[in-house]
Structure formats: structure tokens, C-alpha cells
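Q: sequence and predicted structure below; questions after.
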Amino acid sequence: MSQRLLSTTSKHSQWSFISTLDSVCSYTTDTLLALGSTPLARGGELAVVGLLQRIKHGHLTITTHTQVYTFPAFEKGVHVNRHPELYADLVVVRDTFWTRMLIMGDLGFAEGYMYGDVQCKDLGSLLKVFMVNRPELAAVENNRLVKLLTAIPRYITNSRFANTISTSRSNISAHYDISNAMFQCFLGSDMMYSCAIFDDLDGDLHRPPKPVDEMQQHVKGSPSECSTSSLTAGDADIDELHEAQQRKIDHILAKAKLENGHRILDIGSGWGELAIQACKSVSDCTVEAITLSSDQKELAEERIAAAGLANRIKVHLMDYRCMPEEWKASFDRVISIEMVEAVGVKFLPEYFSWIDWALKPRGGVGVVQGTTMPETRFDSYEAGVEFIKKWVLFPGSSCPTITNLITGLNKGSQNRLIIDSVDNIGPHYARTLREWARRFDTGFDTVIAPTLRSMHPSVMDGPNGEEELAVFRRKWIYYFRYCEIGFATRTLGVAILTFTREADASYGCNV
């Protein structure tokens, strides 16, 4: 089993109570998994197969060393299959998969894929089979025994990554400080790590994929070696993603209605593209950009300098709750793109209270873009431990509902901020994620693996080095596909909230 040395979980004191519980829980789980083919694994297989008998839509084949299971198990004509065109297969390589599923449910499936316990030809189709059968499979989530078995892991994960000021920076760094070179490998030249807006929603599904250029092989790990121009793909390929990201930025800036001389606060500024485009779009505006990632700050400053805007854009390594007093009521606009997920639902009122604090009392406008969860699924989502919360990518993350966002805005601003509009661009995220996944996979051997080897020589030179790389690769591929299917089926959304002060006639209409 991988030693998890490349996992990107938040790092907290090894002597804390939560850390101790986590260690005990992980040790117990690993001990059970190390037993391999046992009565526990056999019991897990029987339980999982029994659950999958509930599948009614699509087709799933599971192959083990001794058995082939086919779902749905009923005869044609007995039940209506709403997705007869959907086929998926799964090969169980190690019996530890069944133990993972028994102990951890859907998180166990994700980890089984990461660690190579199972293989499949098309992960997206497999996840879609599970998605379209969610009502039939959801009964296991409400089982009292399952809730009891998962209560401690849920508590540990959700407590461990709570976004207090003391943990927020480690949560963000856990994701973004992996390597600038890795992100450059799969993001467009603009380094925008958020949902794009395409002029052709699923156009990539109706034609052969365009080849990724060998140019990505020359991406270096040092920010000083990174260009602000195209870094990862040929012109024919990168145009669609780049243009889609620019279209999204244009949409955000149109909502913000920037004017000459405006002062802008960019919360969660990433690698600086929004700030750069804002300053290019209007003269004399200035931007204070804040991030919790030191790697992002370093590369953003280089990109800003290369654009000739260092005198108008300043990047700060800062929590939004630690803004200096002189920033109070000094901003004409506050913009935040896909940072709100890292806030945590219970901290939303505080987040919006700081936006209210920063905006000018007259004429201030805010635009916040964030991934959202449907209200119907929020309670079970928030109570559970799912793949993204534990493993990657955004420890401490929590996708709010649109209701959560509006309630947080009202409460945090004490009703001083008024919603002007809410847009949903979520369907565009499926294609964005497909673009990222393809670039990540294509560039893994030439860019990402060498970068990881240079960053973690003690791990990569060890006996499990290649296994660590394989786990890291599958973890990210699972993340891309998992999210893609969520957005493609509208199980997830992306809301753009625009808000202003009461009676702000100067804003006009943004339709």
C-alpha cells in the first residue's frame, strides 16, 4: 500500500486530540486492509453485491478472480431502464477493495481506485452509473449501522479541517503548494483554476480530441522559469480553454461594472489573472489581491510584473480575516472566484461580514463565484466524509447551497448587502474538467512525475516510489472525473452572486 507521503492533507500538531484520533483510526483501517482476503473481505463482497442489486439504470459488470456480476440483474421488459446506452465495467484486482467498501462506503470506492485495488476502462461511465442510480443506492447512507461505523471518521475529518484562522492556510497550502509546474501542466496559459464559460457547452464530445503539444514538456518548476504565455498546449488546442476562461473573466467584470480609478479587492486571487485582466480593462484601477498560498503569490507576482502592472496590483499572503484596518470601507469592488468553497458553511456569515467591512458604504459592489450543492442533498453531504474533503484537493472544503450563500450574505452584512443577480454556469464545468483531465494525463510522465521526483526525493528514491506516483496520478484523475460527472448531471452547480448596497442607483442594470 502507498505510504500516503504524497497525500495533500492539512498538517496539524501531531499531539492534538484530533490528530491522535486520526492516527488511531488510520492504523485500525490499515490493519484491517492488510489482512487481504479474509472473512471480512468476503462479507464486504456479499454486502456490496447485495447493495448493487438495487441498480436499475445503465449496465455494470464487475469481474473478480472467481466471479462475474452483472447489474441490473432483472430480465428485460420487467423494469424500465432509463439509461440503456450507459455501460461500465469494474475489475477487482485485490480483495481489500471489498473491505474498503464495507468500512468506508463510497469513500472506500474512491480509495480503492486510488490504490489500484480496482481497474476500469472508463471511470466517467462507471461514476455516471452510480450517479443515475443514486436514489436506489442512497438507502445505505441512512442505515443506522453504517452511520455508527462512519461516525468517528466523519467527526475526525470534519474537525481536522475546520477553517479556523489557525488551519485555513494549511488547508489551502495542502492543495495549491504542490507545485506551480503541475498546475501549469493542465491549466490554460491564463492559469485560471475555476469554471470556464464555453461558447459550445459539450463541443469536445462531438469530435476527436485535439493533440496536446509537446510544448508542455518544457514547463519548469521554478516560477522564474515560467512564462505568462502559453505553457501547456498548442495554439489550436489551448484556444478553446483559454477563450472560455477569458469569456468567464469578461462575464465577471461585466457584473462588477468596473470604472476608471476603482480600487478592487480580489479574495483568493490564484495566479493573478483576474487582477491582470481587470487592470487591462479599465485605466487607473488598482487591485489588492490576497491568497493563502505562498507558491501562488510568487508566480502571480512574476506574471503581474511581466504584464507591466506591478505598480497597480499588490499580492498579499493574508487571510481575509486579517485585513489591515486601513482597508476598511476603501474598496469599490470585491471579487472572489471559487474561494468561497474553502470558507466552510458555518463561516459564511463571517466571510460576508468582511466583504461588507471592506466595501465602501455607498456604491460598493461584490461578485462571488462558487461551487454549490443542491439543497436536497446538503444535509447528507455536510454530515459525510467524501473524497475531496479527505484526500485532495481541498481539505476543509464545503460546497454551500445557494440558500446558504444568500443567508450568509444577509446575516454577515446585517442586510446591508442586497442580492442583484444569481447566475448558474455549472454545466460548463464538466467540459472544463475534461480539458484539465486530458492535459493532466498527457503531461504526467513528462512534467508532473519529474516535478514530484524533484520535490520528494526521499519518497521517490524509495522502494515504493513508483507506486506513490501511480497513486497520485489516479487520485487526480478520480478527482477530475468525479467532479465532471457531478456537474454534467447537474448534481453540482456554480453560482455567480452579484450584490450591492441598498438604493445604489449608480449600478444600473446588469442584464
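A: The structure has been received and is ready for your questions.

Q: from residue 193, how far off is residue 295?
A: 12 Å (CB to CB, to the nearest Å). From N, CA and C alone the C-beta is placed, and that goes for glycine too.

Q: is residue 269 in a helix, a strand, or coil?
A: What DSSP: H, G, I helix; E, B strand; the rest coil gives for residue 269 is coil.

Q: give the contact list for it.
A: 275, 289, 290, 291, 296, 300, 315 (CB atoms under 8 Å, 6 or more residues apart in numbering).

Q: show me which positions of the helix or strand hosting residue 477 end up buried.
A: Residue 477 belongs to helix 465-488 when assigned by DSSP states H and E. Buried residues in helix 465-488, counted by 16 or more other CB atoms under 10 Å: 465, 468-488.

Q: quick check, residue 323 in contact with residue 353.
A: No: between residue 323 and residue 353 there is no contact under CB atoms under 8 Å: 11.7 Å.

Q: residues near the closest residue in space to residue 473 that isn't next to it in sequence, how many?
A: Using CB to CB, 6 or more residues apart in numbering and skipping residues adjacent in sequence, the residue nearest residue 473 is residue 444, 5.6 Å away. Residue 444: 20 surrounding residues under other CB atoms under 10 Å.

Q: which SS state does residue 444 fall under?
A: helix.

Q: bridging residues for residue 333?
A: In this entry, residue 333 is beta-bridged to residue 264, residue 365, by DSSP bridges.

Q: and it, how many neighbours?
A: Residue 333: 27 surrounding residues under other CB under 10 Å.

Q: confirm residue 288 sits in a strand?
A: Yes: counting by three-state DSSP, residue 288 is located in a strand.

Q: report how many residues lie close to it.
A: For residue 288, using other CB under 10 Å, the count is 23.

Q: for the closest residue to residue 275 other than its chain neighbours, give me the pLDDT.
A: Residue nearest to residue 275 in three dimensions, not counting chain neighbours: residue 287, with 4.2 Å by CB to CB, 6+ apart. Note for residue 287: predicted pLDDT of 99.

Q: so what's residue 287 up against?
A: Contacts for residue 287 (CB under 8 Å, 6+ apart) come out as 263, 264, 265, 266, 275, 278, 279, 312, 313, 314.

Q: now with 7 Å, please.
A: Neighbour list for residue 287: 264, 266, 275, 278, 279, 312, 313 [criterion: CB atoms under 7 Å, 6 or more residues apart in numbering].

Q: and of these, the nearest to residue 125?
A: Nearest to residue 125 out of these is residue 266 (CB to CB; 38.4 Å).

Q: isn't that closest one right up against residue 275?
A: Yes: between residue 266 and residue 275 there is a contact under CB atoms under 7 Å: 5.2 Å.

Q: straight-line length of stretch 286-302, end to end?
A: 17 Å (CA to CA, to the nearest Å).

Q: now stretch 183-201: buried residues?
A: 183-198.

Q: please enumerate the strands of the protein.
A: Assigned by DSSP state E, the strands in the chain fall at 59-63, 68-71, 87-92, 118-119, 263-267, 286-291, 313-317, 333-337, 365-372, 417-424, 493-501.

Q: quick one: closest of those strands to residue 51.
A: Among those, strand 68-71 comes nearest to residue 51, with 10.2 Å by CB to CB.

Q: what's in contact with that closest one?
A: Residues outside strand 68-71 that contact it (CB under 7 Å, 6+ apart) are 49, 52, 53, 55, 60, 61, 62.

Q: correct me, but the fourth one touches residue 72?
A: So the one you mean is residue 55. Yes: judged on CB under 7 Å, residue 55 makes contact with residue 72 at a distance of 5.3 Å.

Q: need the max-distance pair from the contacts of strand 68-71.
A: Counting by CB to CB, the most remote pair of the contacts of strand 68-71 is 53 and 61, 13.9 Å apart.

Q: chain center to stretch 279-290: distance?
A: Here the centre of stretch 279-290 is set off from its chain's centre by 27 Å, with CA atoms, centre = their mean, to the nearest Å.

Q: go on, stretch 331-351?
A: In terms of CA atoms, centre = their mean, the centre of stretch 331-351 is found 16 Å from the chain centre.

Q: kindly export that stretch (C-alpha atoms) in PDB.
A: Output of stretch 331-351 as PDB, limited to C-alpha atoms (Å, rounded to 0.1, in the frame of the first residue of the first chain):
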ATOM      1  CA  PHE A 331     -12.900  49.200  -1.900                       C
ATOM      2  CA  ASP A 332     -15.300  50.000  -4.800                       C
ATOM      3  CA  ARG A 333     -15.400  46.300  -5.800                       C
ATOM      4  CA  VAL A 334     -14.800  43.000  -4.100                       C
ATOM      5  CA  ILE A 335     -14.400  39.900  -6.400                       C
ATOM      6  CA  SER A 336     -13.900  36.300  -5.300                       C
ATOM      7  CA  ILE A 337     -13.800  33.400  -7.700                       C
ATOM      8  CA  GLU A 338     -14.200  29.900  -6.300                       C
ATOM      9  CA  MET A 339     -12.700  30.700  -3.000                       C
ATOM     10  CA  VAL A 340     -16.000  30.500  -1.000                       C
ATOM     11  CA  GLU A 341     -15.900  26.700  -1.000                       C
ATOM     12  CA  ALA A 342     -12.800  26.900   1.200                       C
ATOM     13  CA  VAL A 343     -14.600  29.000   3.800                       C
ATOM     14  CA  GLY A 344     -16.900  26.400   5.200                       C
ATOM     15  CA  VAL A 345     -20.600  26.900   5.600                       C
ATOM     16  CA  LYS A 346     -20.600  27.900   9.200                       C
ATOM     17  CA  PHE A 347     -18.100  30.600   8.500                       C
ATOM     18  CA  LEU A 348     -20.100  32.100   5.600                       C
ATOM     19  CA  PRO A 349     -21.600  34.900   7.700                       C
ATOM     20  CA  GLU A 350     -18.200  35.900   8.900                       C
ATOM     21  CA  TYR A 351     -16.800  35.800   5.300                       C
END
